[in-house]
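**Q** Sequence first, predicted coordinates after that:
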Amino acid sequence: MGSRAMFLRVGLLIVIGIGAVVGLVLFLSGENFQNAVEMETYFNESVQGLNVGAPVNYLGVTIGRVTDIGLVSAEYFRGAPPNLRRATYRMVFVRFVVDPKRIGRTLTPARIEDAVKAGFRARIVSQGITGISYLGLDFVNPVQYPPLAVPWAPRYPYVPSVPSTISQVQSAAEQLAQELRQINFKDIAAALLNLLEELRQEIRSGQTHQTLAAVTVLVTTLRQAIDKADLPSLAAGLRNDSQTLRTLLRSKRIEQIGANADRAAADLAAVTHTLPPLITALSRTAHRTDVTTADFQRRMIPILRDLEATAANLRDTTDALRAYPAGVLFGSPPPHSGAGTTGGGR
């Protein structure tokens, strides 16, 4: 009897100690949510790593915890037709509570619905490489992530979900793998082999081969021309010519030529200054010459007319001399008398 009583006391002491430790842990962890509002969400992906009691965070702040996790088909479609169960057998529901005190406002169903319309969503967030996950709440673009229409009546306010980062990466990887699977690598490899063979033949005997041969001949010719050109001697000659030109430019003759050019430029400038008066005088002289020529023409016109008339008279006289020279020189003969003519007749 004494041993049983002792074992009973020890057992009660252990149970009380365990309860005290659990209560202390719950008190220190702050998981004692009072007046909490329970909500639920649904996922079309695996919730591995998310367990009951996992924290619910908003912007990194713990505002609640997960209370229940299960399959939608077992919760809402136990007596439903097989087609409905088949449509929801891959869906998981997650229920969680949120403490309104940690949000700073009362959570009513109407406010939750307005937040959902504004983009309030839930997602599973993985904590590094440990495999442990928590439920994260955040606001996203409601157009990009529209709420899922569920064919049942949720027991608690419904918060739509968005795919987790791991799920998005997996979906992108699966899509990439499917696209890669649709690519016919055999045909691509065959086409590449044919292209390489054509390139090999082109390099061996085609136009590319001829081009390379011509380039080789050109390079050889250039090398021979460079060798024959004796570039060191040419460079030395250019260096000597440059030195000679530099010496010539530094000589006194060049300086004297430059000085003479400066003087010639100064003289030309002086002459240029005298040109405007000279041009003005020439213009006046030309004007006077024009006036004198006009006066001379007016005076010569009557003289020329008289000369023209005199020439006409001389022409008429010359014509008369040519036709009747005696008449012009001696005049007309005397008239014959009538008596002399009669006596002679007798």
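**A** Cool, the structure landed. Numbers count the residues shown, from 1 in each chain.
**Q** any idea which helix is longest in this protein?
**A** helix 252-323 (DSSP state H).
**Q** elements contacting it?
**A** helix 325-330 (3 or more CB pairs under 8 Å, 6 or more residues apart in numbering; DSSP states H and E). Any C-beta I mention is one placed from the backbone N, CA and C, and that applies to glycine too.
**Q** quick one on the thing from earlier: report the distance from the longest helix of the chain to the chain centre.
**A** Centre-to-centre, helix 252-323 and its host chain are 72 Å apart (CA atoms, centre = their mean, to the nearest Å).
**Q** cool, stretch 202-215 as well?
**A** Using CA atoms, centre = their mean, the offset of stretch 202-215 from its chain centre is 38 Å.
**Q** ditto for stretch 141-155
**A** Counting by CA atoms, centre = their mean, stretch 141-155 comes out at 43 Å from the chain centroid.
**Q** Can I get that stretch in CSV? Just the C-alpha atoms.
**A** The C-alpha coordinates for stretch 141-155 follow below in CSV (Å, rounded to 0.1, in the frame of the first residue of the first chain):
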residue,chain,number,x,y,z
ASN,A,141,-3.8,42.2,-56.6
PRO,A,142,-7.4,40.9,-56.6
VAL,A,143,-7.5,40.9,-60.4
GLN,A,144,-4.4,38.7,-60.7
TYR,A,145,-5.5,36.4,-57.8
PRO,A,146,-9.3,36.3,-57.9
PRO,A,147,-11.1,34.4,-55.1
LEU,A,148,-12.0,30.7,-55.7
ALA,A,149,-15.7,30.1,-56.0
VAL,A,150,-16.5,27.2,-53.7
PRO,A,151,-19.7,25.1,-54.3
TRP,A,152,-20.3,24.7,-50.5
ALA,A,153,-21.1,27.0,-47.6
PRO,A,154,-18.0,27.6,-45.5
ARG,A,155,-18.6,27.2,-41.7
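**Q** Other residues contacting that stretch?
**A** Under the contact criterion CB atoms under 8 Å, 6 or more residues apart in numbering, stretch 141-155 has outside partners 40, 42, 72, 76-77, 84, 87, 116-119, 121, 158, 160-162.
**Q** the domain parsing of this structure - what is it?
**A** Annotated domains of the chain cover 31-163, 186-229 [automatic domain parsing].
**Q** got the contact list for Arg322?
**A** Contacts of Arg322 (CB under 8 Å, 6+ apart): none.
**Q** Packed most tightly, which of the domains of the chain would that be?
**A** Per-stretch averages of neighbours, counted by mean count of other CB atoms under 10 Å, single out domain 31-163 among the domains of the chain, with a mean of 16.
**Q** pLDDT weak spots in the stretch 1-150 of the chain?
**A** In the predicted model of the stretch 1-150 of the chain, residues 1-4, 7, 20-34, 79-89, 128-130 satisfy pLDDT under 70.
**Q** Next one: Thr216 from Leu199, what distance?
**A** Here the distance between Thr216 and Leu199 works out to 19 Å (CB to CB, to the nearest Å).
**Q** And for Asp319?
**A** Taking CB to CB, one finds Asp319 at 110 Å from Leu199.
**Q** Please apply the same query to Thr221.
**A** 27 Å.
**Q** Also Ile183?
**A** In terms of CB to CB, Ile183 sits 23 Å off from Leu199.
**Q** what do you get for Ala265?
**A** Ala265 is 69 Å from Leu199, by CB to CB.
**Q** Now Pro157: phi and psi?
**A** phi -50, psi 130 (degrees, to the nearest 10).
**Q** er, Ile132 I mean
**A** phi -80, psi 140.
**Q** let's number from 52 now, not from 1
**A** Sure thing, new numbering starts at 52, so read that last one as Ile183.
**Q** from what I can see it touches Gly100, true?
**A** Yes: between Ile183 and Gly100 a contact is recorded at 5.5 Å, counting by CB atoms under 8 Å.
**Q** joint contacts of these two?
**A** Contacts common to Ile183 and Gly100, judged by CB under 8 Å, 6+ apart, are Ser177.
**Q** residues touching Val167, list them.
**A** 198, 209-211.
**Q** so it is in which element?
**A** Here Val167 is covered by helix 160-168, with elements defined by DSSP states H and E.
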